[in-house]
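K.L.:
turn this into a structure:
(chains A and B)
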Amino acid sequence: MRDSALMRRPAVASEPVRCGDLLLEAPGGSILQLLGKAGATPPSDMSLPEVAGASPGLRNAGPGQWFVVTDRELTGPEIDALAARLAPSLHVVDQSSGRFRIRVSGAPSRRMLAKGVALDLHPERFPVGTATSTLVGQIGTNLARTGQDSFELLVLRGFAQSLWDDLLLMSREFG
Amino acid sequence: MASRVPCPHCGLRPKEEFTIKGAALPRPAPDAGEAAWIEYVYLRENPRGAYDEFWHHTSGCRRWLVVSRNTLTHDVYGARDVALGGETQP
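P.N.:
Residues are numbered from 1 along each chain as shown, chains lettered A, B, ... in the order given. Predicted coordinates:
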């Protein structure tokens, strides 16, 4: 399926937006979902050289499930090779078109997200490198902390524009 | 209503992330007879006090949990994964 010539349109037709110290961007790249049985151990960095550079490249999405996020767009053969390496304990599903990646960075990002996220985002409770699935407002999102003041959100494509608009609204007080 | 639920996988989460299915009752044997099955499928106690319910963590880890709570005081006693166990207290 990946080899057919599909028309690619971005889920959110927007350039990066700056609101004061806050920056909202859509970094693109590839999103793969890893599906295993609950209790499956996460794949080691050795078996995922593709994620080098992205942090975190491997994101928790529930017991036995992870998202692999890469800054570079992976090709079909690369994804097939990854799937072959992780089989049979983990199944790989390409979600690059199914989900959309949003990056929020800047000093007030935690305060901004707190308007829609019911999690404690203090660095001691949600340190750099952690990821979890939760709600932002009413929209289901995989939220990851990529730095002290930067977060990334993975959202289903159909909700991407809504979430983007919500984040802009939540950012308005800072810029 | 319990407002924060201690998910064994995700930690304390707001109730908005969950879908509640209903009482967690022991399933009768396949040959238990019509009366036992009618009771299991249709009849509910609606207790005032301690209650075990199936909750699905729809917007989180998507696991089925059994949440033990008190319908009178709104206390949450704990939650465990239906398949994996692992009781967690709030």
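
K.L.:
would you map the strands across the chain?
P.N.:
No chain in the question, so chain A it is. Using DSSP state E, the strands assigned to chain A run over residues A:17-19, A:22-25, A:30-35, A:58-60, A:65-70, A:91-94, A:99-105, A:131-136, A:139-147, A:150-156.

K.L.:
wait, I meant chain B there
P.N.:
In chain B, strands defined by DSSP E lie at B:4-7, B:11-14, B:19-23, B:50-56, B:64-70, B:76-81, B:85-88, listed in chain order.

K.L.:
what does chain B have sitting close to chain A?
P.N.:
Counting by C-beta under 8 Å from any C-beta of the partner chain, the residues of chain B lying close to chain A are B:9-10, B:13-14, B:16-17, B:58-63, B:81, B:83-84. Using the backbone N, CA and C atoms, a C-beta is placed for each residue, glycine as well.

K.L.:
do that again at 10 Å, thanks
P.N.:
Residues of chain B found near chain A, taking C-beta under 10 Å from any C-beta of the partner chain as the criterion, are B:3-4, B:7-17, B:57-63, B:81, B:83-84, B:86.

K.L.:
before we move on, back to that, format the strands of chain A as a markdown table; extra columns: mean pLDDT.
P.N.:
Compiled in a markdown table, the strands of chain A are given as follows (pLDDT from 0 to 100):
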| stretch | mean pLDDT |
| --- | --- |
| strand A:17-19 | 92 |
| strand A:22-25 | 95 |
| strand A:30-35 | 93 |
| strand A:58-60 | 91 |
| strand A:65-70 | 92 |
| strand A:91-94 | 94 |
| strand A:99-105 | 95 |
| strand A:131-136 | 96 |
| strand A:139-147 | 95 |
| strand A:150-156 | 96 |
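
K.L.:
using a markdown table, lay out those together with mean neighbour count and distance to chain B.
P.N.:
Putting those into a markdown table (neighbours: other C-beta atoms under 10 Å in any protein chain shown; distance: least, C-beta to the nearest C-beta, whole Å) gives the following:
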| stretch | mean neighbour count | distance to chain B |
| --- | --- | --- |
| strand A:17-19 | 16 | 26 |
| strand A:22-25 | 20 | 22 |
| strand A:30-35 | 21 | 11 |
| strand A:58-60 | 22 | 9 |
| strand A:65-70 | 24 | 8 |
| strand A:91-94 | 16 | 15 |
| strand A:99-105 | 21 | 15 |
| strand A:131-136 | 23 | 5 |
| strand A:139-147 | 21 | 5 |
| strand A:150-156 | 22 | 12 |
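
K.L.:
for the residue in chain A that chain B sits nearest to, give me the pLDDT.
P.N.:
When you check chain A against chain B by C-beta to the nearest C-beta, the closest residue turns out to be A:Gly62, at 3.5 Å. We note a pLDDT of 90 for A:Gly62 in this prediction.
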